[in-house]
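J.: need coordinates for the following:
(one chain, ligands or ions: 2)
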Amino acid sequence: MSQLSAELLPLTRDPVAIRGRALSLRRHVLRMAEIVGQGYVGQGLGIADVLAVVYFAELRTRPADPGWSDRDRFLLSIGHYGIGLYAALAEAGIIPLAELDTYGADGSRLEMSAPETTPGVEITGGSLGHGLTQAVGMALGLRLQGRDARVFNLLSDGECQEGSTWESALAASHYGLDRLTAIVDCNNQQADGPPARVMGIEPVADKWAAFGWHTQRVDGHDIPALLAAFAAARTTPGRPHAIVVDTLMGRGVRAFEEREKNHFIRVDADDWALARDQLEASS
Ligand SMILES: Cc1ncc(C[n+]2csc(CCOP(=O)(O)OP(=O)(O)O)c2C)c(N)n1
Ligand SMILES: [Mg+2]
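T.: Numbering: from 1, shown residues only. Ligands and ions are numbered 1, 2, ... in the order given. The predicted structure follows:
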């Protein structure tokens with residue numbers, strides 16, 4: 001029998017508490033990026049409210065035993081959002097807070113693109129369009145095993161251009177995987193510019209709905225709206241759930257929000273103090 005603590009991560013649906021968690025996540029993101037001087041900071045800040053809701057209002061997990069068989073799974077297919085995931089894992093006590101200082105360093109478990117060898121990281125993302133395929137397989141497998149664990153996949157607007165995403169979407173609705181939730185981060189950016197210029201995906205919520213998913217679209221920084229959307233997903237049977245979240249890259253740090261190219265950023269050593277000040281002023 002496992003000697004690891006069976007204590008569950010405590011959950012809350014209090015928006016004030018979740019907002020506090022989101023601010024902590026953003027502080028962690030800035031700290032990680034400042035040490036290394038660069039990173040996917042825009043994504044980490046942009047997804048903080050969503051991750052705060054997932055980790056602290058929804059996910060059934062045991063911080064001391066991240067491999068617990070009945071855990072809810074959170075799959076990050078966009079490995080480059082690892083900075084945001086590490087912030088959530090540290091905040092949840094799954095990895096040590098002090099380890100965040102190693103983000104992006106040689107030999108660190110916190111590589112810039114999150115690898116599944118890190119505790120709490122379910123899949124190695126990075127090759128885009130493969131997260132939902134694995135999420136569907138996991139959700140089917142868990143159902144076959146008679147487990148009621150849920151599976152969440154955070155994917156990006158860029159990943160909505162991948163054929164494998166839509167093949168998985170079809171399979172999930174065919175099999176009625178109602179314990180599967182796709183969270184689609186629409187930050188209106190991909191490495192080469194806005195999706196509308198690269199390969200348009202709108203109206204993206206209509207597409208998920210047309211594939212048979214219970215679909216909602218919410219402001220990804222509106223915590224009460226996010227809580228309500230996740231609650232609706234939890235309580236609507238028979239179909240997989242898509243929650244399309246509109247987010248702003250760099251959210252909370254005005255200097256980053258206003259950058260035109262935000263996919264991967266380098267910040268001069270002198271500018272981090274301003275970033276920290278802007279985050280504190282926004283909270
Ligand atoms: C299959 C695949 N094709 C291309 C890439 C290169 N790539 C890395 S990130 C990225 C942008 C993807 O869009 P999105 O995740 O929306 O980017 P962001 O919002 O973080 O800018 C691309 C094309 C990749 N990692 N995998
Ligand atoms: Mg994007």
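
J.: number of residues surrounding A228?
T.: 14 (other Cβ atoms under 10 Å). Yep, even glycine has a C-beta here, placed from its N, CA and C like the rest.

J.: that one sits in which helix or strand?
T.: Element membership of A228 [criterion: DSSP states H and E] is helix 223-235.

J.: after the one helix or strand R26 maps to, heading C-terminal, what element do we hit next?
T.: Using DSSP H and E, R26 sits in helix 15-36. Counting by DSSP H and E, the element after helix 15-36 in chain order, helix or strand, is strand 38-39.

J.: so which elements touch that following strand?
T.: strand 265-266 (3 or more Cβ pairs under 8 Å, 6 or more residues apart in numbering; DSSP states H and E).

J.: that older thread, need the contact partners of the helix holding R26.
T.: 12, 39, 41, 44-45, 48-49, 51-53, 55-57, 83-84, 86-88, 90-91, 97, 100-101, 103-105, 110, 223-224, 227, 251-253, 267, 272, 275-276, 279, 283 (Cβ atoms under 8 Å, 6 or more residues apart in numbering).

J.: can you select the buried ones from those residues in PyMOL?
T.: Of these, the buried ones go into a single PyMOL selection, burial set by 16 or more other Cβ atoms under 10 Å:
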select buried, resi 39+41+44+45+48+49+51+52+53+55+56+57+83+84+86+87+88+90+91+100+103+104+110+223+227+251+252+253+267+272+275+279
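
J.: now the residue positioned nearest the centre of the chain, nearest residue through space, not along the chain?
T.: For the chain, the residue nearest the mean C-alpha position is L154 (4.7 Å; Cα atoms, centre = their mean). Nearest non-adjacent residue to L154, counting by Cβ to Cβ, 6 or more residues apart in numbering: I183, 4.8 Å away.

J.: got the buried residues for stretch 239-249?
T.: By neighbour count with 16+ other Cβ under 10 Å, stretch 239-249 contains the buried residues 239-249.

J.: my bad, stretch 210-227
T.: For stretch 210-227, a neighbour-count test (16+ other Cβ under 10 Å) marks 211-218, 220-221, 223, 225-227 as buried.

J.: so how far is it off the chain centroid?
T.: 14 Å (Cα atoms, centre = their mean, to the nearest Å).

J.: I'd like the mean pLDDT over that stretch, please.
T.: In this model, stretch 210-227 has a mean pLDDT of 98.

J.: out of the buried residues of stretch 239-249, which sit inside strands?
T.: Judged by DSSP state E, the subset of the buried residues of stretch 239-249 located in strands is 241-246.

J.: using a markdown table, lay out these together with distance to D65 and pLDDT.
T.: Below are those laid out as a markdown table (distance: Cβ to Cβ, whole Å; pLDDT from 0 to 100):
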| residue | distance to D65 | pLDDT |
| --- | --- | --- |
| H241 | 26 | 99 |
| A242 | 30 | 99 |
| I243 | 27 | 99 |
| V244 | 32 | 99 |
| V245 | 29 | 99 |
| D246 | 35 | 98 |
